[in-house]
Each structure stands twice: as structure tokens, then as C-alpha cells.
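Visitor: Quick one: sequence plus predicted model below, questions after.
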Amino acid sequence: MTQLVSRKKLGFGATPLHRHVEPHAFHFLAQRKSFWVAILSLLAFVTGNMIGQHGWQVFWKSVMGHDNDSLIVYTGTVTPIALVPDYTRWKTYGGNAEDHTYREVPQDLLIALPPYSAALSDPKARAIYSVSYMGSYTTGQENSGSHPAVDIRVPIGTPVRSIAAGIVSEVKDATGFGKTVVIRHPNIPDPSRPTQSTVLYSNYAHLSVTYVKEGDIVEKGEQIALSGMTGDATGPHLHFQIDRGDAPWHPYWPFTSEELRAAGYSTTQAVNRGFHADRGTSFTVNPLLYVQAGYAPVLTVVQAASAGSARSSASSISSQTWLSRVQARIAQRRAEYLALQPATTVAVHEAANASSLSSAPQTPPPSSEAAGEVVQRREVVVSRDEELPPAAGTPVASVEITHDGSYSDRGWERVRLTLLDARGNVVTSPMLTRDIVLRASFGSADFQPDALSVLDFANGRAEVSVLPHGRRTLIIEAMPFGSQSQPMRYAK
């Protein structure tokens, strides 16, 4: 019987002379043009979406779980509304914002949003801006109340656009404000120090329709909503407001319901009386003047971590911590303002406020964030009856505004104000029934402070700091006297 023995046991092996390896599936796919077309199309799609700032922003948020603020690029600002009706011409056709919508306005009657100024001397502008920044519902003039926004009178359905690139922070139905969109703008020029960047929040309220949701990234000029009259609104308009990054909530309002009840005011009464106007000027900026300033992009980049931590801390602070923060902020800005004044002016100001400062609660030292900021507006005293001297003295007929005639890129300029009577003599004991408000009648600038009372003048004179915007010639005007300075020209 034959027994089979395996070759392995006998020490023999069999190997093929030529190894045959089956090609990978990629080998066959690579030979087809459609495969390479698909690969190139995919790469083009990914590259096209990632090459822009928003593509990287979405990618960063999806991978890291949060926004990377350094990827939001500031490219300038635009007004929140592009076109408004020419109300004078529209009225001749029987049209008005109360009874008609934006769609019913004839196209040839639409005009560009008029430039905003404190005086609103242009009749078309006065018809558009019903309440100015820090104005009252009674007169609507700047610094006559504590309204921390500008109300723009427009028909329902007017397109509303984002003033700059940013991230939608909130879309909500806010008490009093109605339908509201809040947009966070990182890496945007600081209005107090335009060469440095900060975080600002633009707010759009009383809307009828919103087109964005929280987390959306919007471009400068992108349509985000339609105007309306939701919330507490007596007529159709857009409530446009810009908050500083350290404001405790958005849209920021300078007083709470509890404070209203304690003071015995209604909301309208509180705004008209300038209730807590100092908070408004501390946590907001003049929105239309900021948009119209046309600040150049800042080269520095704000780190997302610091902005995120500031935002989270602002949303989680208690009411007691918030009040301490407000008081610390106001105290810091008061100290910075007084440090810029002559010794005689400081002495007068300190004496007038000694009683109120001694009774104020002790506040913790201001944070490093607040300490690094330059005051833009002085504190507005609400209860002036207790601090202003009786209406006695020589009436003021005009204000003389003097300066050295030029400015450069070095920063703030010093300007002197002198109170004059009807004969042109200096008034050493002036009688002022209202504040003197400074504005740029030509050009654009920040004033520090931008409103002065009789307490700010020593022997009829006072000095203010002025920060011109850009390189345009600047002419300063003192309201309500209408006195103007000589031109201040840019000099290298």
C-alpha cells in the first residue's frame, strides 16, 4: 500500500516563479477621468469654502466648539439702513410711515440715510432721527435724557443691515424692545482709542421680521431683518444701539425695573429726566457717529479666549456684582476726566461733588480692562438741582473756542473754551441754564468731555480734549450758542 507523504515533511517547498498580486481598486479608479474630476471638484469645493474668513470660522467652531474671533475681519462700517423715504415729497402723495409700508414707497422717493449730527440742522435728517443718542422723548436732542440709542423713523418693512462683520449673538423677543437682533463685532476699532481693537455689540430692535439666527456669521451690509414697531413703540422705527464689550447685557439699558419702582418713575419719565444717564455713556457709544467715523482697520488681533471669558463673566454676574462694576467703571472714568483738567477746575469739580462721593458706597478697584480705557464722555449728573448753584450771575452770550490751529497723529488735542457776554467780555461768574454741548460741525471728532456745566468752568474758562478722526479739517461748534471755532487742519 502506497503511503502519501507531504512535501513539507520531506523538506521540499513549492514557490511560483512569478508572484501575481491583484491590483488595488484605486488602480482601476485612477484610470478613469471621472474619478479625477470628482477629486478635483471636491478639493475646489473645500478650498473655496475655507479660503474665506467665514469658512474657517465655521470649521473652527465645528472642530473646537467655539468661535475664533481672530477670523472675523473688520472691513469698515455701513449705516444700519441704506434708503429711507423723502418724507417731504412722500407727503405730497399722501404717504406716511404710520399708514404705509416700505414696499408702498415709490422708488424715486427713496433717498440715502441722511448724515447724523447732534444738532440735526438738516430738515430731512430731523424727520428721520426722532430721538438722538442720550436724548429724551420730549425734545429728542442729544444729552437731554438717558436714551442710549438713536431712533430712526422708517416705515414697517424697511431692510435692516449689519453695520460690520460679526457673529449674531442673540435673536430674541426682548421686553420693551420687541423682536431684537444683537451682533457681536470682535476686532473692531475702539471709539476711545481707534488705533486699538475692542469688542462692540450692535443692537437692532422693534423689528417685524428677522433673517438670522444665533451663531450666524454676517458680512458688513448683509440684510438681517426688516424694521417694525414690535415691543413698546409708539410708531414704526428702528432702535439702533451700540454697546461696549463690558456692558452687562444687550441691548443695554441704564436702569432696571426695580430701580424705576424705587424712584417712582415710569420708563418715559426716567428717560426724560436723564435717570442714570452716566451708565448709558459708560456702556454705550454714539452709534451713528461711530458708523459715520469710518475708522481704518486695526492691525492687532483680539484673542478669542479673552473675549469669550469677558462675555461669559458678564452674563453670569449677579445684580450686586453688576452694580459694583458699574460704580467702579464710573469712578474710574471720573478720575480719568479729572486728571485731564487744570488744577482750578478739578478743585471746583471736587468741591461740588464731595457730598455725593462721600455718601457713595465703596467700590472695588477697577479691572485692568476698565483701567486701560480712555474716557469718552464725562459722567452726566442726573440730580443737577442739588449740585448746580442757583441761577445767578452774568448771562452768557457766546462761547469762544480756541486751539493751536492744527493737529497731527499724536492723539488728543487741547481746546480752550471761554464764556463771553454780549459785549465780548469774559464772564467769570456765568449763568448757564443748560449744559454746553460740543460737536463737530465739519469733520468728525471725539470730545472729552462732550458736555460741560457751569461747574466745569473756572473764571469763565475750561479746557477739553479733542480727538479728530482721520485727516479732515475740523470745525468745533458749541451748542446751544452755535459758536464755532476756527478750522483745525491736519499737519504731518
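Guide: Nice, thanks for sending it over. As the structure is a computational prediction, the values presented were derived from the model and not from experiment. Numbers count the residues shown, from 1 in each chain.

Visitor: count of residues packed around the nearest residue to Tyr116 once chain neighbours are set aside?
Guide: Spatial nearest neighbour of Tyr116, excluding adjacent residues (Cβ to Cβ, 6 or more residues apart in numbering): Leu288 at 3.6 Å. Every residue, glycine included, has its C-beta placed from N, CA and C. Leu288 has 22 neighbours, counted by other Cβ atoms under 10 Å.

Visitor: now Ser162
Guide: Neighbourhood size, Ser162 [other Cβ under 10 Å]: 25.

Visitor: Quick check: next helix or strand after the host helix or strand of Ile111?
Guide: Under the criterion of DSSP states H and E, Ile111 resides in strand 110-112. As assigned by DSSP H and E, the chain's next helix or strand after strand 110-112 is helix 123-128.

Visitor: Okay, domains of this protein per the record?
Guide: The chain breaks down by automatic domain parsing into domains covering 83-293, 318-376, 394-490.

Visitor: Single out the most deeply packed of the ones you listed.
Guide: domain 83-293 (a mean of 20; mean count of other Cβ atoms under 10 Å).

Visitor: for it, how far is the first residue from the last?
Guide: End-to-end distance for domain 83-293: 19 Å, by Cα to Cα, to the nearest Å.

Visitor: and what of stretch 212-221?
Guide: From start residue to end residue, stretch 212-221 stretches across 13 Å - Cα to Cα.

Visitor: And the helices in the protein?
Guide: All helices of the chain, identified by DSSP state H, fall at 7-10, 25-30, 33-50, 53-64, 87-92, 123-128, 257-263, 267-272, 277-283, 287-293, 304-316, 319-339, 343-359, 368-371.

Visitor: and the closest residue to Arg416 other than its chain neighbours, what does it touch?
Guide: Counting by Cβ to Cβ, 6+ apart, Arg416 lies nearest to Thr402, which is 4.9 Å off, once chain neighbours are set aside. For Thr402, the contacting residues are 415-416, 418, 485-486, by Cβ atoms under 8 Å, 6 or more residues apart in numbering.

Visitor: looking at the domains of the chain, which one has the lowest mean pLDDT?
Guide: Ranked by mean pLDDT, those end with domain 318-376 at the bottom, a mean of 46.

Visitor: before we move on, the earlier item: export the domains of the chain as a markdown table, with columns for distance to Asp69.
Guide: Below are those laid out as a markdown table (distance: least, Cβ to Cβ, whole Å):
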| stretch | distance to Asp69 |
| --- | --- |
| domain 83-293 | 4 |
| domain 318-376 | 16 |
| domain 394-490 | 25 |
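
Visitor: Out of these, flag the one nearest Leu43.
Guide: domain 83-293 (23.3 Å; Cβ to Cβ).

Visitor: and the gap between the residue nearest to Arg416 and Leu109?
Guide: 45 Å (Cβ to Cβ, to the nearest Å).

Visitor: Gly393 contacts Ser429, doesn't it?
Guide: Yes - between Gly393 and Ser429 there is a contact under Cβ atoms under 8 Å: 4.1 Å.

Visitor: Ala462 bridge partners, please.
Guide: Leu417 (DSSP bridges).

Visitor: from what I can see it touches Arg416, true?
Guide: Yes - applying Cβ under 8 Å as the test, Ala462 and Arg416 come out as touching, 7.4 Å apart.

Visitor: Tell me who's in contact with Asp216.
Guide: Applying Cβ under 8 Å, 6+ apart, we find Asp216 in contact with 167-168.

Visitor: any idea how far it is from Val466?
Guide: For Asp216, the distance to Val466 equals 39 Å [Cβ to Cβ].

Visitor: can you check Ala422 too?
Guide: 27 Å.

Visitor: With Gly235 instead?
Guide: 36 Å.

Visitor: likewise Glu170?
Guide: Counting by Cβ to Cβ - Glu170 and Val466 are separated by 35 Å.

Visitor: Repeat that for Thr256.
Guide: 35 Å.

Visitor: With only the CA atoms kept, save stretch 478-492 in PDB.
Guide: Presented in PDB, the C-alpha positions along stretch 478-492 are these (Å, rounded to 0.1, in the frame of the first residue of the first chain):
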ATOM      1  CA  ALA A 478     -20.700 124.800  21.000                       C
ATOM      2  CA  MET A 479     -24.400 124.300  21.300                       C
ATOM      3  CA  PRO A 480     -26.900 125.900  22.000                       C
ATOM      4  CA  PHE A 481     -24.900 129.100  21.300                       C
ATOM      5  CA  GLY A 482     -23.900 128.000  17.800                       C
ATOM      6  CA  SER A 483     -20.400 129.400  18.300                       C
ATOM      7  CA  GLN A 484     -17.800 127.800  16.000                       C
ATOM      8  CA  SER A 485     -14.000 127.500  16.200                       C
ATOM      9  CA  GLN A 486     -11.500 128.400  13.500                       C
ATOM     10  CA  PRO A 487     -10.600 125.400  11.300                       C
ATOM     11  CA  MET A 488      -8.300 122.900  12.800                       C
ATOM     12  CA  ARG A 489      -6.300 121.300   9.900                       C
ATOM     13  CA  TYR A 490      -4.200 118.200   9.800                       C
ATOM     14  CA  ALA A 491      -0.400 118.700   9.800                       C
ATOM     15  CA  LYS A 492       2.100 115.900   9.400                       C
END
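
Visitor: can you list contacts of that stretch?
Guide: Contacts with stretch 478-492, where a contact means Cβ under 8 Å, 6+ apart, come from 118-119, 396-403, 405-408, 413, 415, 417, 434, 436-439, 441-443, 466, 468, 471-477.

Visitor: cutoff 7 Å now
Guide: Contact with stretch 478-492 is made by 118-119, 398-401, 403, 405-408, 417, 434, 436-439, 441, 468, 471, 473-477, as judged by Cβ atoms under 7 Å, 6 or more residues apart in numbering.

Visitor: Using PDB, list the CA coordinates for the longest strand that the chain contains.
Guide: Secondary structure assigned by DSSP state E gives strand 197-210 as the longest strand of the chain. Provided in PDB are the C-alpha atoms of strand 197-210 (Å, rounded to 0.1, in the frame of the first residue of the first chain):
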ATOM      1  CA  SER A 197      -9.300  97.000  18.700                       C
ATOM      2  CA  THR A 198     -12.100  96.000  21.000                       C
ATOM      3  CA  VAL A 199     -15.400  94.200  21.000                       C
ATOM      4  CA  LEU A 200     -18.700  96.100  20.400                       C
ATOM      5  CA  TYR A 201     -22.300  94.900  20.200                       C
ATOM      6  CA  SER A 202     -24.700  96.400  17.700                       C
ATOM      7  CA  ASN A 203     -28.400  96.100  18.600                       C
ATOM      8  CA  TYR A 204     -31.400  96.400  16.300                       C
ATOM      9  CA  ALA A 205     -34.800  96.500  18.000                       C
ATOM     10  CA  HIS A 206     -38.600  96.800  17.300                       C
ATOM     11  CA  LEU A 207     -38.100  94.600  14.200                       C
ATOM     12  CA  SER A 208     -41.000  92.900  12.300                       C
ATOM     13  CA  VAL A 209     -39.000  90.000  10.700                       C
ATOM     14  CA  THR A 210     -35.600  88.600  11.400                       C
END
